[in-house]
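Undergrad: coords below, sequence missing:
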């Protein structure tokens with residue numbers, strides 16, 4: 001399995017970009033998975049549903065299955081949050097895993113930068129950022145980018161090619 005990450009400030013368009021890339025990667029014959037890191041508490045379950053009640057009763061894992069999908073919910077119950085490597089190891093076999101979040105992790109990443117957000121770039125503090133996608137490429141200073149390619153944020157095919165060219169191999 002190969003993997004590649006996306007970094008950017010909240011509201012920069014990471015999720016929207018990934019949403020555009022996935023069908024392009026699938027059209028190239030790849031099985032694509034995604035790991036999304038959340039910086040806040042979340043729950044994919046709904047209070048009052050059977051699975052929610054079972055977790056709240058103390059189950060460590062609840063696997064919910066149907067003819068359309070299955071989901072495994074695992075309560076950490078005081079355990080450490082899984083690392084990126086541990087999360088990758090939990091994925092089913094795929095050709096490429098896209099990673100949103102895990103900003104500080106050692107994996108090749110594309111920075112999504114929108115100057116209109118008024119936030120600084122990330123690539124000068126993260127050596128794992130291999131390229132920058134932006135809606136204002138004319139504002140990207142060549143010397144500040146230290147040789148990293150700059151792509152238009154809406155050039156989805158070029159971004160998909162870059163992702164495949166620069167993805168790392170996960171050794172399980």
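TA: Nice, thanks for sending it over. Note that the coordinates shown come from a computational prediction; the quantities given were computed from them, not determined experimentally.
Undergrad: quick one: whichever helix in the chain runs longest to chain centroid distance?
TA: In the chain, with assignment by DSSP state H, the single longest helix is helix 14-27. Counting by Cα atoms, centre = their mean, to the nearest Å, helix 14-27 is centred 11 Å from the centre of its parent chain.
Undergrad: List the pairing partners of whichever strand or helix holds residue 73 within its sheet, with orientation.
TA: Secondary structure assignment for residue 73, by DSSP states H and E: strand 70-74. Here strand 70-74 is paired, per DSSP bridges, with strand 61-65 (antiparallel).
Undergrad: how about the strand it pairs with: buried residues?
TA: Going by neighbour count (16 or more other Cβ atoms under 10 Å), the buried part of strand 61-65 is residue 62. All C-beta atoms are positioned from the backbone trio N, CA, C, and that covers glycine.
Undergrad: Other residues contacting it?
TA: 45, 51, 54-55, 70-75 (Cβ atoms under 8 Å, 6 or more residues apart in numbering).
Undergrad: And for stretch 96-103?
TA: So stretch 96-103 is in contact with 1-7, 14-15, 18, 21-22, 25, 30-39, 84, 88, 91, 105, 107, 109, 122, 126, 163-164, 167, 170, going by Cβ under 8 Å, 6+ apart.
Undergrad: Can you give the distance from it to the centre of its chain?
TA: For stretch 96-103, the distance to the chain centre is 3 Å (Cα atoms, centre = their mean).
Undergrad: quick one on the thing from earlier: max pairwise distance over the contacts of strand 61-65: which two?
TA: Spatial extent of these (Cβ to Cβ) is set by the pair 70 and 75 at 17.3 Å.
Undergrad: More neighbours: those two, which one.
TA: residue 75 (13 against 9; other Cβ atoms under 10 Å).
Undergrad: Who are the contact partners of the more buried one?
TA: 55, 59-61.
Undergrad: for residue 44, same thing?
TA: Applying Cβ under 8 Å, 6+ apart, the residues near residue 44 are 71, 73.
Undergrad: next one: phi and psi at it?
TA: phi -90, psi -10 (degrees, to the nearest 10).
Undergrad: How about the helix or strand just after the longest helix of the chain, which residues are buried there?
TA: Sequence-wise, the next helix or strand downstream of helix 14-27 (DSSP H and E) is strand 32-36. By neighbour count with 16+ other Cβ under 10 Å, strand 32-36 contains the buried residues 32-33, 35.
Undergrad: got it, and stretch 109-122?
TA: Neighbour-count burial for stretch 109-122 [16+ other Cβ under 10 Å]: 109-114, 121-122.
Undergrad: likewise stretch 88-97?
TA: 88, 94-97.
Undergrad: What pLDDT does the model give residue 118?
TA: For residue 118, the model assigns a pLDDT of 93.
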